[in-house]
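Q: the following comprises the amino acid sequence and a computationally predicted model.
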Amino acid sequence: MTDRPKELRLNFANLQKELESVSNLARPFLTQEGSYRLEEAKRQLNVFKSKPGQTVTWEVPKEAPIRTTLSKAQYERRDSGKQKGPHIHGALSFKWEMTTSEKTVKEVMLRGKASTMIRLCEGEGDEAPVLSMWKMEIGVGAAASPGSFFHIQVPGTEKDPPFPESIPVPRIPVFPPTPMACLEFVLGELFQRDWLKHVDRAGTPLNLWRSIQQQHLSSYLKWQLQQIEKTEGSPLMHLKGFPGVDLLMPNC
């Protein structure tokens, strides 16, 4: 008997709230086009509410990503002097294949692809050359995922090194990478001081964002601790496993 894929469940209302709160927080750091595409992702997600018991795809395509404003080397934290380095922006796209719960859409289950791509591009606009790219992904289950269930990959697109397309490793462990958590990660990297200052305050969008992320991260960290305490083998290898269908559900 073959193992059935293990499906991570997410609370649909929390997914909507996560998207709503981060779209309000991120707006000053996104281009007008980027904000519009984030709103399109929100509308797309809301449509799934009327599609119980169906397989759906939630997607911001690579060809029309969510773009950040230009980081004028603000990815550095220099205390004095002019920041040096290329001026770059981030372009985020994602594809999540999900199944909605029956009758009333209160939950979604991840099935198949759950991948967010981040590209860093020099300059502004759709034609800006790509300097680097990585993917933040969620596996479909312990049996089907060769790497950590939540991981980052740096997949090459050419046959030559570094990172030739023929080699899928490393798969670097990471926090639960929902598309919106990935967006905050990018903003925190590109705008080191400004993003931290922006989110180090009180307010309704931030309070909502904080509560959801605290739940996700505390649940994941507790699971990690349980794994390394109970294993009789290699703790690191056990941290690659499937963390359970309810890991990101409220009150789990």
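A: It's in. Everything quoted here is computed from the prediction, not taken from an experiment. Numbers count the residues shown, from 1 in each chain.

Q: other SSEs contacting the longest strand along the chain?
A: Looking across the chain with DSSP state E, the single longest strand is strand 107-122. Helices and strands touching strand 107-122, as assessed by 3 or more CB pairs under 8 Å, 6 or more residues apart in numbering; DSSP states H and E, comprise strand 9-11, helix 12-26, strand 87-100, strand 130-138, helix 179-190. All C-beta spots, glycine's among them, are computed from the backbone N, C-alpha and C.

Q: could I get the buried residue list for it?
A: Across strand 107-122, burial judged by 16 or more other CB atoms under 10 Å covers 107-112, 114-121.

Q: okay but residue 35 is in contact with residue 23, surely?
A: Yes. Counting by CB atoms under 8 Å, residue 35 sits close enough to residue 23 to count as a contact (7.4 Å).

Q: one step back: quick one, which of the helices and strands packed on strand 107-122 is nearest to residue 208?
A: helix 12-26 (4.2 Å; CB to CB).

Q: that closest one vs strand 107-122, what angle?
A: Here the directions of helix 12-26 and strand 107-122 differ by 20 degrees (axes from the mean of the first three to the mean of the last three CA atoms, to 10 degrees).

Q: hmm, back to that, tell me the least confident of the buried residues of strand 107-122?
A: For the buried residues of strand 107-122, the model is least confident at residue 112; its pLDDT is 81.

Q: nearest residue to that residue in space, please, no chain neighbours.
A: residue 97 (3.8 Å; CB to CB, 6 or more residues apart in numbering).

Q: residue contacts, the one you found?
A: Contacts of residue 97 were listed using CB atoms under 8 Å, 6 or more residues apart in numbering, and they are 55-57, 110-114.

Q: try 6 Å this time
A: For residue 97, the contact set (CB atoms under 6 Å, 6 or more residues apart in numbering) comprises 57, 111-113.

Q: buried residues in stretch 163-183?
A: Neighbour counts over stretch 163-183 (16+ other CB under 10 Å) mark 163, 171, 174, 176-183 as buried.

Q: farthest-apart pair in these, please.
A: Maximum pairwise distance among the buried residues of stretch 163-183 (CB to CB): 26.3 Å, between 163 and 180.
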